[in-house]
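**Q** dropping a prediction and its sequence here:
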Amino acid sequence: MNNLIANNLIASHSQLATFRRCPREHHHRYVDRVEAVGSAEPLEAGKRIHGALGAFHRGETSEPWDLLDKPLERALMRGYVARWAGSSLAVTQTDVTFSISIGGIRMVGELDAIGDYEGARMIVEHKTSSEDISPGSAYWRRVTTSDAQVSTYLYASAQLGLGAERILYDVLRKSALRGKKGESDIDLEVRALEDMIARPEHYFQRAEITRLADEHAAFERDIAGTARLLLATVDGAEPAPRNPDSCQKFGRECDFYSVCFTGGSINDDSRFKARLARKGSFDGGGVASANTDLRASGDGENHASGERAAGADNRLRPGGRPDIGGADSGAELVVGQPNPDTQYQF
């Protein structure tokens, strides 16, 4: 792994996920540093909802729907506040950026929030989805077993001493309702909200996710292997290979499909623009806000051996903290406003 460190590879979960999905897409986004003009509406909707959730949990507003214009998004926030009224979730920080070491490389990212839930310190991850989020669905099977973001965030907690051995996945399912002919935005919002009140479990779910020791070890090997492949591809003489199996994603065609298959140009200014950094700077002093009452990793009440009991799946329960470095690991926790000039790409 020393060769990875020698190459000074700094990556985010999103970057590695893009490379695994398609090396050519990764090349365009992270080497050419371009992206499509405009962006997919589902992604933009997710950003808007995340912004409203952040403002709500920071206590900036008790009516986060007023930050949104679209009727279905307003209804979703109204339903969310009603669904979790009286919840024990107490968020102490939001938008917490980090820089940690995993598998011999530097991983950077951002936690949606850190907070306390039902007596335990948690990383809080807000998600919006169009998928079925009912218990036992494919969505939860994926998050519970194979979502690399979960493992990355739990590594961050351990290296930064946040004391969180679990992630609270706070998921909102987007409404599939559509406006009727002659229906006003207000009527659509009310109709959607009525459906959410009638079927709250359909739209709002929370679950606590963790990883066991053997899963952390496998994840670290995955990161190191992915990094080796990424470096070999970027440094190679041949263009990064295309993955035709991933040309359709999120229900739409990849932004670079025309460049890869139908003679389009990456230099077409009408279709592509320079890709800017998405998150904050990661060169802070590594000191958490003094009023967050963060505990050192390992101080939590919930510990487990990391061994999986026969026939049991303990990933939805406490345990399995990653076995990684402590104070000398080089981890940095950065709290505050993002730096628009940051070099890191997401």
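**A** Happy to help now that I have it. Remember, it's a predicted structure, so these values are computed and weren't measured experimentally.
**Q** could you export stretch 127-135 as CSV, CA atoms only?
**A** C-alpha atoms of stretch 127-135 as CSV (Å, rounded to 0.1, in the frame of the first residue of the first chain):
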residue,chain,number,x,y,z
LYS,A,127,-31.4,10.1,2.3
THR,A,128,-34.1,10.7,-0.3
SER,A,129,-35.1,7.8,-2.6
SER,A,130,-37.7,6.7,-5.1
GLU,A,131,-37.2,3.1,-4.1
ASP,A,132,-39.3,1.0,-1.8
ILE,A,133,-37.9,1.7,1.7
SER,A,134,-40.2,-0.7,3.7
PRO,A,135,-38.3,-3.0,6.2
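**Q** sort out which residues of that stretch are buried, please.
**A** For stretch 127-135, the neighbour count (16 or more other CB atoms under 10 Å) marks Lys127, Thr128, Ile133 as buried. For the C-beta atoms, the positions are set from N, CA and C on the backbone; glycine is no exception.
**Q** can you pull the phi/psi pair for the first one?
**A** Read it as Lys127. phi -130, psi 140 (degrees, to the nearest 10).
**Q** any idea what sits nearest it, other than its immediate chain neighbours?
**A** The shortest distance from Lys127 to any non-neighbouring residue, by CB to CB, 6 or more residues apart in numbering, is to Val171 (4.6 Å).
**Q** okay if I get the buried residues of stretch 127-135 as CSV plus distance to Ala207 and pLDDT?
**A** Output for these, formatted as CSV (distance: CB to CB, whole Å; pLDDT from 0 to 100):
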residue, distance to Ala207, pLDDT
Lys127, 11, 96
Thr128, 15, 95
Ile133, 9, 98
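**Q** of the residues you listed, closest to Phe19?
**A** Lys127 (21.9 Å; CB to CB).
**Q** where in the stretch 101-250 of the chain is pLDDT low?
**A** For the stretch 101-250 of the chain, the stretches flagged by pLDDT under 70 are 250.
**Q** where along it do the strands fall?
**A** 105-117, 120-129, 167-173, 204-209, 248-249 (DSSP state E, counting those that start in this stretch).
**Q** switch the ones you listed over to a markdown table; also include distance to Val37.
**A** Below are those laid out as a markdown table (distance: least, CB to CB, whole Å):
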| stretch | distance to Val37 |
| --- | --- |
| strand 105-117 | 25 |
| strand 120-129 | 23 |
| strand 167-173 | 28 |
| strand 204-209 | 34 |
| strand 248-249 | 18 |
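**Q** distance between stretch 151-163 and the chain's centre?
**A** In terms of CA atoms, centre = their mean, to the nearest Å, the centre of stretch 151-163 is set 14 Å apart from its chain centre.
**Q** for stretch 120-134, same thing?
**A** 10 Å.
**Q** same check on stretch 14-25?
**A** So, by CA atoms, centre = their mean, the centroid of stretch 14-25 is 15 Å from its chain's centroid.
**Q** just the mean pLDDT for that stretch, thanks.
**A** For stretch 14-25, mean pLDDT is 95.
**Q** give the buried residues for it.
**A** In stretch 14-25, counting by 16+ other CB under 10 Å, buried: Ser14, Gln15, Leu16, Thr18, Phe19, Arg20, Cys22, Pro23, Arg24, Glu25.
**Q** how about CSV for the residues you listed, with distance to Tyr153 added?
**A** Shown next, in CSV, are the buried residues of stretch 14-25 (distance: CB to CB, whole Å):
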residue, distance to Tyr153
Ser14, 13
Gln15, 16
Leu16, 14
Thr18, 18
Phe19, 19
Arg20, 18
Cys22, 24
Pro23, 25
Arg24, 28
Glu25, 24
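**Q** picking that back up, wait, which of the strands of the stretch 101-250 of the chain is closest to Ala237?
**A** It is, among the strands of the stretch 101-250 of the chain and with distance given as CB to CB, strand 105-117, at 23.1 Å.
**Q** quick one: the closest one to strand 120-129, angle?
**A** 110 degrees (axes from the mean of the first three to the mean of the last three CA atoms, to 10 degrees).
**Q** who does strand 105-117 touch, helix- and strand-wise?
**A** Strand 105-117 sits against strand 10-12, helix 41-57, strand 90-102, strand 120-129, helix 148-160, helix 213-235, with contacts defined as 3 or more CB pairs under 8 Å, 6 or more residues apart in numbering; DSSP states H and E.
**Q** can you count the residues close to Pro241?
**A** 12 (other CB atoms under 10 Å).
**Q** please apply the same query to Pro71.
**A** For Pro71, using other CB under 10 Å, the count is 23.
**Q** which element is the closest residue to Glu63 other than its chain neighbours on?
**A** Spatially, and ignoring its direct neighbours in sequence, Glu63 is nearest to Val81 (7.9 Å; CB to CB, 6+ apart). For Val81, the element it lies in under DSSP states H and E is helix 71-83.
**Q** show me what that helix is in contact with.
**A** Under the criterion CB atoms under 8 Å, 6 or more residues apart in numbering, residues 45, 48-49, 52-53, 56, 62-65, 67-68, 128, 172, 174-175, 177, 179, 185-186, 188-190, 192-193, 196-197, 200, 203-204 lie in contact with helix 71-83.
**Q** repeat that for stretch 30-38.
**A** 15, 18-19, 28-29, 234, 240, 255-256, 266, 270-275, 345.
**Q** please flag which of the residues you listed sit within helices.
**A** Gln15, Thr18, Phe19, Val234 (DSSP state H).
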